[in-house]
Structures are given as structure tokens and as C-alpha cells.
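Q: how would this look folded up:
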Amino acid sequence: MARAAIYGLTVLLAVVFVLPLAWMFVVSFKPEGVSAITIQEWIDFSDWTIRNYDKVLTESQILKWTFNSLVIGAATTVIAVATSSLAAFAFARKSFKTKAFWFILCASGLLIPTEAMLIPLYETVLSLDLLDSKWGIILPGLTNPLGLILILQFMNGLPKDYMEAAQIDGCKDLRLWWSIYMPLTRSAMVSIGIFYFILSWNNFIWPYIAINSEENMVLATGLPTFLANNVLHVNTIMAASAIAAIPTMIVYILLQKHIVQGVSMTGVKG
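A: Take a look at the predicted model:
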């Protein structure tokens, strides 16, 4: 009885979360002015049209914005995961006097809100002549210490026998990290990589400040600009929102197993 109640509650929560997405997709295929409020309008497929999607694709650069977001998200994810893993390896397996100081300094980045760093960050990017460029978005996105903390937690739980055996065989530090620790922390790195990608994909404040030209905008900043010009066209707004939501939905669907496994394994010690 208790299990049935839990399953029923789970299904109810799933419906609550999925229903707005389903409504968004249904409305995006409806003619302008039809909001699909009633069940009859939901199941009526006779008036479905792709005109809203055609309008979005022809009157905006949404595909270009999506491509920019994908490139920036992929580059940020790969570089951030690699540097986080290297830093975690150094903190986990190297001994040096100032290790505690540097770790606290890195971890304290979680306490600093993004808004507090906007002005110095803008001055830095401006001095490097990286404004209105992809690298001006990618480089600031590498400073999140979340990956370092979680990968370090996982590495601390790995047996030291692996490192000792590899060192006896003459394995150097980089080879040790690449051949031993990276494969053993793959699940954690995939999980962190997904989080980094989603954070980059949804980042709005900094790209809004750093990008000036429309063709270099990312989806998070370009989409609101387009929607502001179509505020009265609900169906067009839903079509644009559906296009923006599809990439992240694909990432979650394909990698949901790694998300759950990575998050659970980063909490295992010993």
C-alpha cells in the first residue's frame, strides 16, 4: 500500500513537471491566437501548423544563437572538467605546505555572487580585447570551483594502492592522472560536465553584458530580444521557447543515467 502511494505521488509529480512542457509544444503548433486551454483544443490536430516555427527561423538568428551556445557550452565544459580534474588530482595526491590555503581560496569562490564580480570581470575582459567574442564568455566560465570540490571528494575515496603501484612502475604525474585517475573518476567527470554545460547554456547576465552584436549572441540573450518584439504573439513565443528547450532536453535524456550515477558516486567514501 505504501509503495503504491509512493508510485502514485511520483507519477503525480512527473505530470506536474511535464504538463507545462507539453502545453508549450502543443501551443507552438497552434495557429496564432489559439492557446489550447481546453482538452478539446489539446487533442484537436486539424489546425496544427508549422508557421510559428517558420516565423521564428526566418525572422530571428535563433539557429546561430543556438550554435554559439553549443560551442561555448562544449568548450567551457571540456576545459573546465579537465582543469578541475587536474586541480583535484593535485590536491588529492600531492603534499605541499600551502595546500590548505589554496584549497580554501578556490572553494571560497562559491561564496562570491556573480553580480559582485561583473565590474572587475568586464574591465579584465576589456583589457584583453575579448569583448563580443566567444572566448570572452568561455574564460570567465572556467572559474566555478564546484567541479574541483566534487571530483576531489571522489578522488579522496580512491584506494592509494593504484597510485603506489603505478609509481613503482615509473608512472609520472600526468600519466598517472591520465591513465589511472581519469578512468576511475569518469562518472563523476561526466556528471560535472553536464552541470557545467547546463550552467553555461543558461548563463544570461555575463553574455548580456559582454556581447554586443546580434550574430555573436547566445541563445539565453538573443531569445529574450526576439520575444520582446513578439510579446503579443503567444504561439510564436512558445515555438521559440520549444526550439531553445530541445538541446537541453536531449542532453538530459541521453545522459540521465550518468547524471544520477555521477551524483551518487561523488558522495561515496572509501
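
Q: all helices of the stretch 1-150 of the chain, in order?
A: 2-28, 39-43, 51-59, 62-93, 99-107, 118-127, 135-138, 146-156 (DSSP state H, counting those that start in this stretch).

Q: sorry, that was for the stretch 151-270 of the chain
A: According to DSSP H, counting those that start in this stretch, the helices that the stretch 151-270 of the chain contains are 161-168, 173-176, 182-184, 186-202, 205-210, 219-228, 234-265.

Q: Could you dump those into TSV with mean pLDDT and mean neighbour count added?
A: C-beta: built from backbone N, CA, C; applies to glycine. Listed next are those as TSV, based on pLDDT from 0 to 100; neighbours: other Cβ atoms under 10 Å:
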stretch	mean pLDDT	mean neighbour count
helix 161-168	75	12
helix 173-176	82	14
helix 182-184	85	14
helix 186-202	85	21
helix 205-210	92	18
helix 219-228	85	19
helix 234-265	77	17
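
Q: now those helices in JSON lines, with distance to T38?
A: Below are the helices of the stretch 151-270 of the chain laid out as JSON lines (distance: least, Cβ to Cβ, whole Å):
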{"stretch": "helix 161-168", "distance to T38": "62"}
{"stretch": "helix 173-176", "distance to T38": "63"}
{"stretch": "helix 182-184", "distance to T38": "54"}
{"stretch": "helix 186-202", "distance to T38": "33"}
{"stretch": "helix 205-210", "distance to T38": "38"}
{"stretch": "helix 219-228", "distance to T38": "25"}
{"stretch": "helix 234-265", "distance to T38": "15"}
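
Q: which stretch among these comes nearest F17?
A: helix 234-265 (11.9 Å; Cβ to Cβ).

Q: Quick one: closest of the helices of the stretch 151-270 of the chain to L150.
A: By Cβ to Cβ (comparing all of those), the closest turns out to be helix 186-202, at 5.8 Å.

Q: picking that back up, and the helices of the stretch 1-150 of the chain, which one is worst for confidence?
A: Least confident of these, judged by mean pLDDT, is helix 39-43 with a mean of 73.

Q: Now do that helix: everything it contacts.
A: 26, 30, 34-36 (Cβ atoms under 8 Å, 6 or more residues apart in numbering).

Q: and with 7 Å instead?
A: 26, 34, 36 (Cβ atoms under 7 Å, 6 or more residues apart in numbering).

Q: just to revisit the earlier point, which one of the helices of the stretch 1-150 of the chain lies closest to M217?
A: Going by Cβ to Cβ, the one of the helices of the stretch 1-150 of the chain nearest M217 is helix 62-93, 5.4 Å.

Q: List the buried residues in stretch 11-27.
A: For stretch 11-27, the buried set under the neighbour-count rule, 16 or more other Cβ atoms under 10 Å, comprises 24, 26-27.

Q: just how off-centre is it within its chain?
A: How far stretch 11-27 lies from its chain's middle: 22 Å, per Cα atoms, centre = their mean, to the nearest Å.
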